[in-house]
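Chemist: Let's see this in three dimensions:
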Amino acid sequence: MATLFFGKKSERSGLAFTLIELLVVISIIALLIGILLPALGAARDTAKQINCVSNLRQVSIATYTYVTENDGFFPPLGESQVNNAKVTGIPYLSGNDRNSLSWAGMVAYHQNLFYDAFGCPCDDDTAGLIEDSIQFRINQGFEPRWARAYGASQRTSFGYNYNNIGMSRRYSKEKGVKDKPARLVQLTKPSSTLLACDATVSWKEEQNGGTVGRGSPTVEDTQKNNRSRPYSRHRNNGLSVGFSDGHVEVYTVSDPEDLQSPYEDECLGTMHASSGWVYDPNADNGVWER
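Modeler: All right, here's what the predicted structure looks like:
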């Protein structure tokens, strides 16, 4: 029996890993992890961008549907703007916190669009702010649908082209008209007119401690340090852009550090802005094609 015992022990010793072999296996595993991690990271970033495009497409289509159901008017920048312009035929809520809904809230409420469509998965701060706003209103006893619309009104990842779409100041100076949102018939090229895109807080706000990359509900059509701007928050400097006909495309910003870069032809095509814009409805200087 002693002989059999030692024989089995000897066989097991022959099958065991040596220290060198174990180190080699660990090194190979570490090498494979080093090769796979960047690929997994890229796949994760791509998935987030696809999700962002999907959300923005929902918002763009819902906005286009809103337009077709409301006499061709785009959503105003906010409800107070509608009331100030005395616009008829555009729905707004006169009960719960009158004048409190932004363009996003109006689209969310009237098209019953869930609030998370207004957030980009790369913009965690915005998602948190929306959820906090919703819970705050629900705790106050407001109906969930309105509370969700209110949450979307407070902060979105996508900035609205409010100067050209959310109001008519680019088309008219007439009192009572300039505060009205634009109508679809005013756009000569809806398929190349920016409706909303990935946006962030102003450069000035960032310098004062604001969260870099956090979404903004509006976006300027010309670069201004104290105003919100397009923001390429995706892989390879990708910028998601929704158009006025409901479709979405992804553009590449050549230099994210250059605040003027998103407005260049190479990024936004016919939707770039010139730096010398004057509020003149007759001016033709290439401001986000209309």
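Chemist: As CSV, could you dump the C-alpha coordinates of stretch 257-264?
Modeler: Output of stretch 257-264 as CSV, limited to C-alpha atoms (Å, rounded to 0.1, in the frame of the first residue of the first chain):
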residue,chain,number,x,y,z
GLU,A,257,-10.7,72.4,-27.9
ASP,A,258,-11.6,75.0,-30.5
LEU,A,259,-15.0,76.5,-29.5
GLN,A,260,-15.5,77.6,-33.1
SER,A,261,-14.8,74.2,-34.5
PRO,A,262,-18.4,72.8,-34.3
TYR,A,263,-19.6,75.7,-36.5
GLU,A,264,-17.2,74.9,-39.4
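Chemist: How far away from the center of its chain is it?
Modeler: Its chain's C-alpha centre and that of stretch 257-264 lie 17 Å apart, by C-alpha atoms, centre = their mean, to the nearest Å.
Chemist: How about stretch 246-255?
Modeler: Worked out by C-alpha atoms, centre = their mean, stretch 246-255 lies 12 Å from the chain centre.
Chemist: Could you give the average pLDDT over the helix or strand hosting Gln49?
Modeler: Assessed by DSSP states H and E, Gln49 sits inside helix 19-69. For helix 19-69, mean pLDDT is 82.
Chemist: Okay, helices next: where are they in the stretch 151-290 of the chain?
Modeler: For the stretch 151-290 of the chain, the helices defined by DSSP state H, counting those that start in this stretch occupy 203-207, 265-268.
Chemist: give me the low-pLDDT residue ranges for the chain?
Modeler: 1-17, 36-43, 80-99, 169-173, 176-177, 207-213, 264-290 (pLDDT under 70).
Chemist: so where do the strands sit in it?
Modeler: 158-160, 194-200, 229-230, 238-243, 248-252 (DSSP state E).
Chemist: want to try CSV for the ones you listed, with distance to Gly215 as columns?
Modeler: Bear in mind the C-beta positions are built from the backbone N, C-alpha and C, glycine included. Output for those, formatted as CSV (distance: least, C-beta to C-beta, whole Å):
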stretch, distance to Gly215
strand 158-160, 7
strand 194-200, 6
strand 229-230, 11
strand 238-243, 12
strand 248-252, 16
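Chemist: Would you format those as JSON lines with mean neighbour count and distance to Ala147 included?
Modeler: JSON lines is the format used below for those (neighbours: other C-beta atoms under 10 Å; distance: least, C-beta to C-beta, whole Å):
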{"stretch": "strand 158-160", "mean neighbour count": "27", "distance to Ala147": "20"}
{"stretch": "strand 194-200", "mean neighbour count": "28", "distance to Ala147": "22"}
{"stretch": "strand 229-230", "mean neighbour count": "27", "distance to Ala147": "29"}
{"stretch": "strand 238-243", "mean neighbour count": "24", "distance to Ala147": "25"}
{"stretch": "strand 248-252", "mean neighbour count": "18", "distance to Ala147": "27"}
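Chemist: which one of those lies closest to Cys52?
Modeler: strand 238-243 (5.2 Å; C-beta to C-beta).
Chemist: Who are the packing partners of that closest one?
Modeler: helix 19-69, strand 194-200, strand 248-252 (3 or more C-beta pairs under 8 Å, 6 or more residues apart in numbering; DSSP states H and E).
Chemist: How far away from the center of its chain is it?
Modeler: Worked out by C-alpha atoms, centre = their mean, strand 238-243 lies 8 Å from the chain centre.
Chemist: Show me the contact partners of that strand.
Modeler: 49, 52-53, 56-57, 59-60, 63, 120, 158, 190-198, 230-234, 248-253, 262, 267-268, 271 (C-beta atoms under 8 Å, 6 or more residues apart in numbering).
Chemist: Equivalent analysis for stretch 51-58, please.
Modeler: 113, 116-122, 157-158, 196-198, 234, 240-242, 246-248, 250.
Chemist: deepest of the helices and strands packed on strand 238-243, which one?
Modeler: Comparing the helices and strands packed on strand 238-243 by mean neighbour count (mean count of other C-beta atoms under 10 Å), strand 194-200 comes out on top with a mean of 28.
Chemist: burial count for Glu257?
Modeler: For Glu257, the neighbour count with other C-beta atoms under 10 Å is 6.
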